[in-house]
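Colleague: pasting the structure only:
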């Protein structure tokens with residue numbers, strides 16, 4: 001096998017239960033089954049030898065590839081161009097009909113030749129349970145069955161592929177795989193279906209079976225996109241981000257994972273490698289703005305329902321009533337462990353699964369959750385009496401705990417501090433709870449909450465403002481700036497034309513902004529308990545766009561936004577961070593980045609329209 005592909009050299013397909021990454025060279029190098037946070041069956045993105053992969057590409061060398069999505073769909077088209085011919089491969093996962101959890105999933109890979117001829121090679125070598133579980137391989141005249149780690153994968157080939165039981169098996173120390181070849185000429189169509197959750201034997205897939213699944217998948221995505229009410233600028237980028245957010249949604253619960261991957265590094269060779277296959281209260285709350293802004297009320301309602309369940313359960317411990325993150329089904333067992341047998345992406349160790357930050361105290365999540373619920377209420381997504389009762393109890397807990405040190409939004413492991421961002425969102429929690437109670441006439445101790453809101457505000461203005469820096473700073477005991485404070489104007493804590501805010505924005509321009517890209521903070525000035533550095537944080541860049549637009553610097557906001565499009569990959573997808581030479585870093589694709597892109601587009605579009613009409 002060749003070396004590691006660039007993080008950006010991937011497309012994403014999925015069925016709203018799980019998702020696969022497919023490289024431009026035709027390799028599925030990441031897939032977890034049966035859902036996002038399940039163990040992987042293909043993970044060569046984290047170890048080229050031990051991770052497992054599923055590759056379909058032309059035999060030999062001397063070809064080039066191009067990759068795109070079929071218009072208005074999540075079906076990935078990869079084109080192979082060689083001196084002998086031009087071939088194409090379509091990859092997609094039919095969306096499951098079941099509204100609940102299911103073990104049955106299909107991944108369809110269709111090959112065809114459009115000019116000349118091409119010899120395809122299909123290689124499938126799964127590695128169950130992150131490469132820790134052995135597997136068996138049963139080969140029949142109609143396909144193959146892999147069994148390992150409590151999972152069964154069934155491969156159904158198409159008739160155009162050569163399938164000879166005597167030579168299809170590929171022995172390997174980590175577990176046998178298969179290799180199929182087939183020569184096709186212009187007009188020929190073949191393919192394979194990889195299925196899990198079925199107990200039946202493999203069968204030869206016929207044309208009608210494959211086409212029916214293809215047509216149903218195209219229809220699903222086009223109907224879903226047709227529900228969008230977005231008519232603004234940047235339609236293509238916004239709707240691709242919307243589809244990415246949908247692909248990262250676990251349909252049975254409505255929860256949104258932060259990313260479909262684990263272990264992709266924020267610095268190549270470094271230790272900042274985290275598992276993002278979970279639902280953060282913060283990230284998913286922000287998604288409600290994007291979804292409602294695009295007209296997707298049902299998706300927003302589903303997440304608010306999921307959030308309401310977490311509010312009612314209140315299983316948090318050290319984190320307060322809520323945990324900062326959960327599994328997609330709402331469970332909270334996120335114990336972090338390392339996988340020492342995997343090399344990590346380009347040697348970036350350790351590879352972690354689970355997330356040890358899940359019990360951190362991050363006070364900002366209470367404001368983000370409350371703001372999400374208040375915003376959804378304004379769009380007709382109302383909370384129940386039981387949920388409101390528990391929300392009111394959370395406000396009382398927050399009244400007793402907002403003036404505590406916490407770990408902050410970035411989940412640093414350098415100890416608790418009096419983070420200003422946590423105070424900003426504590427203010428937001430009280431403010432939105434007061435507004436919601438007043439709007440609907442709900443029972444609440446409004447006087448007490450208002451008193452606490454005002455105390456938080458006064459403390460931020462007195463202690464969060466640093467006179468030497470002429471800026472709001474990361475926490476009370478530092479002069480370090482933090483891009484999370486770009487949210488201050490969004491929540492309305494300060495006016496976007498307040499001199500204190502404009503001075504803060506100027507300070508960020510000088511310290512955190514690099515050719516329009518924005519760093520979260522400077523880890524050298526504010527140690528976060530981890531070695532190494534990181535790239536600019538794309539979420540923060542889109543927050544910067546919003547802040548510029550709200551603060552009257554509209555031309556700068558527009559240029560910064562347009563520049564960000566040049567850092568997307570060939571499909572319009574973004575990872576978490578961008579490195580010094582423009583490379584994508586961190587888990588991919590990142591929901592945080594795409595929801596921030598949508599929200600920035602909505603805000604910027606609104607301000608541009610106002611200027612045009614004035």
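Modeller: Looks like it came in fine. None of the values given here were measured: they were computed from a predicted structure.

Colleague: so who does residue 587 touch?
Modeller: If a contact means CB atoms under 8 Å, 6 or more residues apart in numbering, then residue 587 has 258, 259, 260, 261, 262, 263, 264, 274, 276, 575, 576 as its contacts. C-betas here are computed from N, CA, C, even on glycine.

Colleague: which other helices and strands contact the longest helix seen in the chain?
Modeller: Counting by DSSP state H, the longest helix found in the chain is helix 591-613. Where contact means 3 or more CB pairs under 8 Å, 6 or more residues apart in numbering; DSSP states H and E, helix 591-613 is packed against helix 235-247, helix 281-293, helix 538-550, helix 554-565.

Colleague: Any chance of those in TSV with distance to residue 138, mean pLDDT and mean neighbour count as columns?
Modeller: Putting the helices and strands packed on helix 591-613 into TSV (distance: least, CB to CB, whole Å; pLDDT from 0 to 100; neighbours: other CB atoms under 10 Å) gives the following:
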stretch	distance to residue 138	mean pLDDT	mean neighbour count
helix 235-247	32	97	21
helix 281-293	41	93	25
helix 538-550	45	98	26
helix 554-565	48	98	17
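
Colleague: With distance to residue 613 added, can I get the ones you listed in a markdown table?
Modeller: Formatted as a markdown table, these follow (distance: least, CB to CB, whole Å):
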| stretch | distance to residue 613 |
| --- | --- |
| helix 235-247 | 20 |
| helix 281-293 | 20 |
| helix 538-550 | 16 |
| helix 554-565 | 13 |
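
Colleague: To residue 95, which of those helices lies closest?
Modeller: Closest to residue 95 of the helices and strands packed on helix 591-613 is helix 235-247 (CB to CB; 9.8 Å).

Colleague: Contacts for the following helix or strand past that closest one next, please.
Modeller: Next along the chain after helix 235-247, taking DSSP states H and E as the criterion, comes strand 249-250. Strand 249-250 has contacts (CB under 8 Å, 6+ apart) with 16, 17, 35, 36, 255, 256, 257, 279, 299, 328, 329.

Colleague: Stretch 73-80 too?
Modeller: 11-14, 22, 24, 26, 57-58, 63-70, 86-92, 118, 214, 217-218, 221-222, 243, 246-247, 571.

Colleague: which phi and psi does residue 88 have?
Modeller: The phi and psi values for residue 88, taken as degrees, to the nearest 10, are phi -140, psi 150.

Colleague: Residue 311 now?
Modeller: Backbone torsions of residue 311, given as degrees, to the nearest 10, read phi -60, psi -40.

Colleague: Look up the closest residue to it, ignoring the ones flanking it.
Modeller: Distances taken as CB to CB, 6 or more residues apart in numbering put residue 390 closest to residue 311, at 4.9 Å, once the chain neighbours are dropped.

Colleague: burial measure for the one you found, as a count.
Modeller: For residue 390, the count of nearby residues is 18 (other CB atoms under 10 Å).

Colleague: Pull the contacting residues for it.
Modeller: Residue 390 touches 311, 312, 314, counting by CB under 8 Å, 6+ apart.

Colleague: Can you turn the buried part of those residues into a ChimeraX selection?
Modeller: In ChimeraX, a selection of the buried entries from the contacts of residue 390 looks like this (16 or more other CB atoms under 10 Å):
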select :311
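
Colleague: ok, now how distant is residue 212 from residue 94?
Modeller: Distance, residue 212 to residue 94, by CB to CB, to the nearest Å: 9 Å.

Colleague: Could you check which of the two is surrounded by more residues?
Modeller: The neighbour count for residue 212 versus residue 94, taken as other CB under 10 Å, is higher for residue 94 (17 against 11).

Colleague: Isn't the more buried one up against residue 215?
Modeller: No. Using CB atoms under 8 Å, residue 94 is not in contact with residue 215, being 10.0 Å away.

Colleague: avg pLDDT for stretch 416-433?
Modeller: In this model, stretch 416-433 carries a mean pLDDT of 97.

Colleague: can you pull the buried residues of that stretch?
Modeller: Neighbour-count burial for stretch 416-433, counted by 16+ other CB under 10 Å, picks out 417-433.

Colleague: Same question for stretch 72-90.
Modeller: Residues 72-78, 80-82, 84-90 are the ones in stretch 72-90 that count as buried (16+ other CB under 10 Å).

Colleague: Do me a favour and get the end-to-end distance for it?
Modeller: From its first residue to its last, stretch 72-90 covers 15 Å (CA to CA, to the nearest Å).

Colleague: Please tell me how far that stretch is from the chain's geometric centre.
Modeller: Chain-centre distance of stretch 72-90: 26 Å, with CA atoms, centre = their mean, to the nearest Å.

Colleague: What ranges in the stretch 301-450 of the chain fall below the confidence cut-off?
Modeller: Within the stretch 301-450 of the chain, the stretches with pLDDT under 70 are 413.

Colleague: Mind doing that once more with 90?
Modeller: The stretch 301-450 of the chain contains residues with pLDDT under 90 at 314-319, 333, 356-359, 411-415.

Colleague: from the contacts of strand 249-250, which is closest to residue 341?
Modeller: Closest approach between these and residue 341, by CB to CB: residue 36, at 22.0 Å.

Colleague: how far away is the residue nearest to residue 272 when sequence neighbours are not counted from residue 522?
Modeller: The shortest distance from residue 272 to any non-neighbouring residue, by CB to CB, 6+ apart, is to residue 266 (3.9 Å). According to CB to CB, residue 266 and residue 522 sit 15 Å apart.

Colleague: Of these two, which one has the most company?
Modeller: Each of residue 266 and residue 522 has its neighbours counted (other CB under 10 Å); residue 266 has more, 23 against 14.

Colleague: need the contact list for the more buried one.
Modeller: Applying CB under 8 Å, 6+ apart to residue 266 gives the contacts 272, 273, 534, 535, 576, 577, 585, 586.

Colleague: for stretch 264-278, the distance to its chain's centre please.
Modeller: Chain-centre distance of stretch 264-278: 13 Å, with CA atoms, centre = their mean.

Colleague: again with stretch 110-117
Modeller: Computed by CA atoms, centre = their mean, the chain-centroid distance of stretch 110-117 equals 33 Å.
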